[in-house]
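predicted model and sequence below, questions to follow.
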Amino acid sequence: MNQWIVNFAYFLDSYAPYCKTKKFIYNILENNKYPYKKYFDYLMMLMVILSIYILIRHVKHEVSSSWVFFNNYIISLFFLCEYILRLWAYSNNSKIIIEQYESDLFLHRKFNLSAAIKTITKQKMAFIVSPAAIIDLLAIMPFFHEFRVFRVFILFRVLKIFRYAKGVQRLISILSSKRFELLILGMITMIVIVVSSVLIYVMEATNPKSPINTLFEAVYWSVVTIFTVGYGDIVPITPEGRVVAMLVIVSGIAVISFATSIVVSAFTEKLDEIKEDRLIDDVRGMERFYLICGYSNLTYAVVERFKKTNKQIIIVETDPVKIKQAQNEGMVVLNFDSASLHAYHSMQIHLDKQVIAVILLQESDVANIYTALTIRGLSKHVPLCSVLHSPKNRKKLSLAGIDQVVNPHELVGIISRRVGTQPVVVDVIHALQSGHGGTIVDEIVLDNDMSERFYELLLHPLFYRRLSMLGIYQTRLENFVFNPDSSFKIISGDVAIVVANHSLISEFRNLLHKKRVL
Amino acid sequence: MSLYSAAIFGFNEYAHQIIKHAGLQYKNIAIFVISEEEKIAALQAGYSAELIDLSDDWDEIQERFSMQRLVVFCALADDAENVFLTISLRATFEHLHIIALAQNAESVLKMKSAGANKVLPSVEIAANIIFDMLEKPIVTRVLHSVIYEDNLLNVIEVKLGEDSFLCGKYLNDIYFRRDYDVILLGIVDQELGTSFNFASKGLNHHIDAGDILVVMGYQEKLDELIRVVRGENNG
């Protein structure tokens, strides 16, 4: 029997459809990073809202039997299935059995099935007694609307809705960080309620004119007074009772203040974390963006340059001062170590799908190389561009998998070659590249059937004197053909390099892709 | 070989790269440093450097160089010192050609106000290149090759002399592409100060002596154009 159980556990553990299904169920129920989980959550929330609506409507109105059936059986059955699946996905029984078997085998002991069952039970019980699971279980119960006293169970369906709302989960996690303080507050409140209830009962119950005649009335009065509600339906009439009332009112203010301070401090402490979580959610939703590692003057200049395009930029930085600077400039900054593998999992960034290119702008070559190796460990294909601080490290950056390297010192040296003798040329090229003055140099990708239209458009009065075609870059041959005439044959993938106003280039592009020329 | 000499103030990685890339453009290069550390660094890199202070005593430089044929690179490590050096040189030499390096965008304006003819904003230059390499890789490759590498294709600036046949004509009357196989990128109008106009703006500019044309083309065509526009081959 034991051997049969072990064999079955091994079979399940290696049976792909079973493992795949279990992983899918776990992802859809528990994994917040799973992209399709939100759809399941929306469905469940809809079910719960529908159920609550039916139950509330049923209090004073007639609800059709089909809706009652839907609520009592269909929704409850759905919740029951969800509960069972959560229980199933919570732990891996076959793995526990295998671990126990292999452990016993290693120690030359007889396989102890009861120990494995004990572990399984312990793990499943941990799920069953968790607050969320208790709410789930109580929310399943059908027919509870049939009995007045059981109507309180509607509370669990209301609570169940919060399981699927991420904001509420966050609220609970924030408050749970102050568990100890909230426990102390609860104890103080309990003590004040008990003491004041007893005191007011003792002082008032003997007076026949007093509305406080039972201990329950005394407790009710205490709670209403402590939490500063004071309905006024029950009031002490004896001088002793009124003294107690004054003390309870003062204690009530203290309790409320204490509670407020706990909640406020919990939120203040977790504010950065909440913002970070929110930011990660936003980044996860972005389609394509540039990822810049490190914030510096150069990062600022690069981001400014990208502002003219619609490209999104995400900066990764750990220095709090630099993070503050970048945030003040309106940049999106994630507080993570870009050289850490774990950071990319936490940031939930998919390098191949989301990142156009990673730009390494940290202030040392060592840091950039280290980060490059981390990124290459995660993606072989994402383009990597890095600033180079010392020319002697160029080869090392290349070995680390960096595709493009920019050395500001070398650039200045190269430019200085012409700036002394031909400063206007340098100005023109700089202006064209930075787009100052509205004129830019741009690329237009061409294809086979564009040849005729392309040359026709160049001669069109709209473009003739206002759009300069410098030449065509033959992508296949990696060759630039300067100022070609209309006999030059364009091949798909060739790129025309043009100089003109930005909007004129856009118009040229549009017309090039239209069949009819102006 | 150029008739110009160069004086580089400061020795650091920028200065080193300027010497490496622009060294051959000048008849001779002198390095002036303001600290012993810089002097040692220059010596270790194989250059001799002279120690100076940033006072107003520029007699030695005046004696050694013809100020009309000297290009000064202000490449001190600190932007504030570079501004001070620029303003000191400008105060003494009105027509000296000064090129200053700026580490940040704020300093660019200060250096221009201090009298630099040309400011090289290192951070902005690097940012532009990073942007272009990622967004316009082909343009970057082609322009870099044309402008900064030894290539048959070139971009040059030509100052029009008094006797140039272009003087008095309108830009739209000249067909640079068709007649000279070069592309006019833009023109600096002397009448409008030194503002640069891109040819692609479509303005029908009146060409005067002293205007500077910026043209792109094969070196042999450019040489021919230079000959023509300078009035050496009017026919």
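Yes, it's here. Residues are numbered from 1 along each chain as shown, chains lettered A, B, ... in the order given.

let me know the next secondary structure element after the helix or strand of chain B with the lowest mean pLDDT.
One helix or strand of chain B scores below all others by mean pLDDT, DSSP states H and E: strand B:196-198, with a mean of 66. Where DSSP states H and E defines the elements, the next helix or strand beyond strand B:196-198 is strand B:212-218.

quick one: the helices in the stretch 1-150 of chain A?
Assigned by DSSP state H, counting those that start in this stretch, the helices in the stretch 1-150 of chain A fall at A:2-14, A:16-30, A:37-60, A:65-69, A:76-90, A:93-106, A:113-128, A:131-140.

which elements pack onto the third one?
It stands for helix A:37-60. helix A:16-30, helix A:65-69, helix A:76-90, helix A:154-164 (3 or more C-beta pairs under 8 Å, 6 or more residues apart in numbering or on different chains; DSSP states H and E). Every residue, glycine included, has its C-beta placed from N, CA and C.

closest residue of chain A to chain B?
Ranked by C-beta to the nearest C-beta, the top residue of chain A for proximity to chain B is A:Gly413, at 2.8 Å.

for that residue, which residues are in contact?
Neighbour list for A:Gly413: B:14, B:16-22 [criterion: C-beta atoms under 8 Å, 6 or more residues apart in numbering or on different chains].

from those residues, which are also near chain A?
B:14, B:16-22 (C-beta under 8 Å from any C-beta of the partner chain).

so is stretch B:37-54 next to chain A?
No: applying C-beta under 8 Å from any C-beta, one finds stretch B:37-54 separated from chain A by no less than 12.0 Å.

end to end, how far does that stretch reach?
16 Å (C-alpha to C-alpha, to the nearest Å).

okay, and the residue of chain B found nearest chain A sits in which element?
Relative to chain A, the nearest point of chain B is B:Gln17 (2.8 Å; C-beta to the nearest C-beta). B:Gln17 belongs to helix B:13-22 when assigned by DSSP H and E.

which strands and helices lie in contact with that helix?
helix A:408-419, strand B:5-9, strand B:29-33.

could I get these as TSV with distance to A:Tyr295 and mean pLDDT?
Below are the helices and strands packed on helix B:13-22 laid out as TSV (distance: least, C-beta to C-beta, whole Å; pLDDT from 0 to 100):
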stretch	distance to A:Tyr295	mean pLDDT
helix A:408-419	16	88
strand B:5-9	31	91
strand B:29-33	32	91
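
who wins for proximity to A:Ile191 among the ones you listed?
helix A:408-419 (68.1 Å; C-beta to C-beta).

where does the stretch 151-300 of chain A come near chain B, residue by residue?
Residues of the stretch 151-300 of chain A lying near chain B (C-beta under 8 Å from any C-beta): A:290, A:297-298.

turn these into JSON lines, columns for neighbour count and pLDDT.
Formatted as JSON lines, those follow (neighbours: other C-beta atoms under 10 Å in any protein chain shown; pLDDT from 0 to 100):
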{"residue": "A:Tyr290", "neighbour count": "24", "pLDDT": "95"}
{"residue": "A:Asn297", "neighbour count": "18", "pLDDT": "91"}
{"residue": "A:Leu298", "neighbour count": "24", "pLDDT": "93"}
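
what's the domain layout of chain B?
B:5-124, B:152-229 (automatic domain parsing).

from the chain's centre, how far out does the longest one sit?
Looking back up the chat, that one is domain B:5-124. Centre-to-centre, domain B:5-124 and its host chain are 14 Å apart (C-alpha atoms, centre = their mean, to the nearest Å).

same question, the shortest one
For domain B:152-229, the distance between its averaged C-alpha position and the chain's averaged C-alpha position is 18 Å (C-alpha atoms, centre = their mean).

what sits against residue 105?
Chain wasn't specified; assuming chain A. A:Phe111.

other chain: chain B
A:301, B:121, B:123-124.

one more time with 10 Å
A:297, A:300-301, A:304, B:121, B:123-124, B:127 (C-beta atoms under 10 Å, 6 or more residues apart in numbering or on different chains).

can you pull the phi/psi pair for it?
phi -60, psi -30 (degrees, to the nearest 10).

that one and A:Phe162, how far apart?
Per C-beta to C-beta, to the nearest Å, B:Ala105 is found 50 Å from A:Phe162.

picking up where we left off before, in space, what's closest to the residue of chain A closest to chain B - neighbours in sequence excluded?
B:Gln17 (2.8 Å; C-beta to C-beta, 6 or more residues apart in numbering or on different chains).
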